[in-house]
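Student: Build me a model from this:
(one chain, ligands or ions: 1)
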Amino acid sequence: MTHPKEEMTLVLVKGDGVQRGLVGEILHRFERVGLKIKAMKMVWPDSSIINTHYDPSNTAWLETVGNKALKGYEKKGIKVDKTALEIGQHVQENLLKYLSAGPVVAFVLQGAHVVEVVRKLVGATDPLSATPGTIRGDYSVDSYGMSDSDDRSIRNLIHASGTVEEAKHEIEIWFDQNELHNYTLPYDEVVYDKKWENKQALLNE
Ligand code: ADP
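Tutor: Residues are numbered from 1 along each chain as shown. Below is the predicted model:
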């Protein structure tokens, strides 16, 4: 079994994040929590990579996206005459335009519980509902309401893998194996070495 510190996730700072000059700010949040940057690059995505990442034939994912939107409508008392799948398909079409609008910065982060930690720091899909302190809550004023009335994707700055399995698949889409780097950080020992306390005690003997 791999050590929890080996877990990896994929992050994309989407075009709006890049063009608002937030790459450094966003990276800083992940570095300061103690995560390691395993790989990083800038890519102007074409439809082929976007459709592999946000796969229009993945009906389970399309329905999840649609159901999330339907719940939001229900909360606001808005009646919608579309199925979850139809909504998901339309979201996917708009995502194609959103992701191809400019370069994105893709990176792989590594560390214990990285998928969960990163999703927690990223916040909810809808920036208007995202908790203050999260990236989407702190840096975006967008909302489902506004993106719906403009018929576009919600501009929420960032993508992060939802599960460990999803992360494995997404990392393969964006990076070759030889682009993932193994190196140490000086604080790896403090965070992960189970003998760290003993070593400190020895220093004071
Ligand atoms: P997340 O990025 O939070 O994991 P999803 O995987 O559900 O969210 O959706 C992918 C992306 O599609 C979102 O980040 C957002 O940019 C866009 N999106 C999702 N649902 C909607 C919607 N109902 N209206 C507009 N854009 C949406």
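Student: neighbours of residue 175, just the number please.
Tutor: By other CB atoms under 10 Å, the residues close to residue 175 number 19. For every residue, glycine as well, the C-beta is placed using N, CA and C.
Student: what pLDDT does it get?
Tutor: Note on residue 175: pLDDT of 98.
Student: distance of it from residue 201?
Tutor: Distance of residue 175 to residue 201, given as CB to CB, to the nearest Å: 41 Å.
Student: So which elements touch the helix or strand hosting residue 201?
Tutor: Following DSSP states H and E, one finds residue 201 within helix 196-203. Here helix 196-203 touches helix 188-192, going by 3 or more CB pairs under 8 Å, 6 or more residues apart in numbering; DSSP states H and E.
Student: residues making contact with the helix holding residue 201?
Tutor: 189, 190, 193 (CB atoms under 8 Å, 6 or more residues apart in numbering).
Student: With stretch 140-158 instead?
Tutor: Counting by CB under 8 Å, 6+ apart, 11-14, 16-17, 20, 22, 26, 69, 72, 76, 91, 94-95, 97-98, 122, 125-128, 130, 135-136, 139 sit against stretch 140-158.
Student: could you pick out which of those residues are near the ligand?
Tutor: With CB under 6 Å from any ligand atom as the criterion, the contacts of stretch 140-158 include 69, 91, 95, 125 near the ligand.
Student: hmm, which two among the residues you listed are most spread apart?
Tutor: Using CB to CB, those span at most 12.8 Å, a distance reached by 69 and 95.
Student: Run through the residues of the chain sitting next to the ligand.
Tutor: So the chain meets the ligand at 65, 68-69, 91, 95, 125, 144, 147, 153-154, 156, 159, 162 (CB under 6 Å from any ligand atom).
Student: Kindly indicate which of these lies nearest residue 35.
Tutor: Closest to residue 35, out of all of those and judged by CB to CB, is residue 159, at 16.0 Å.
Student: pLDDT wise, what is the closest one at?
Tutor: pLDDT, residue 159: 98.
Student: what does residue 126 give?
Tutor: For residue 126, the predicted pLDDT is 93.
Student: Residue 79: what secondary structure?
Tutor: coil (DSSP: H, G, I helix; E, B strand; the rest coil).
Student: Could you tell me how many residues sit around the closest residue to it other than its chain neighbours?
Tutor: Counting by CB to CB, 6 or more residues apart in numbering, residue 79 lies nearest to residue 73, which is 7.5 Å off, once chain neighbours are set aside. Applying other CB under 10 Å, we find 15 residues neighbouring residue 73.
Student: average pLDDT for the strand or helix carrying residue 73?
Tutor: Following DSSP H and E, one finds residue 73 within helix 59-75. Across helix 59-75, the average pLDDT comes to 93.
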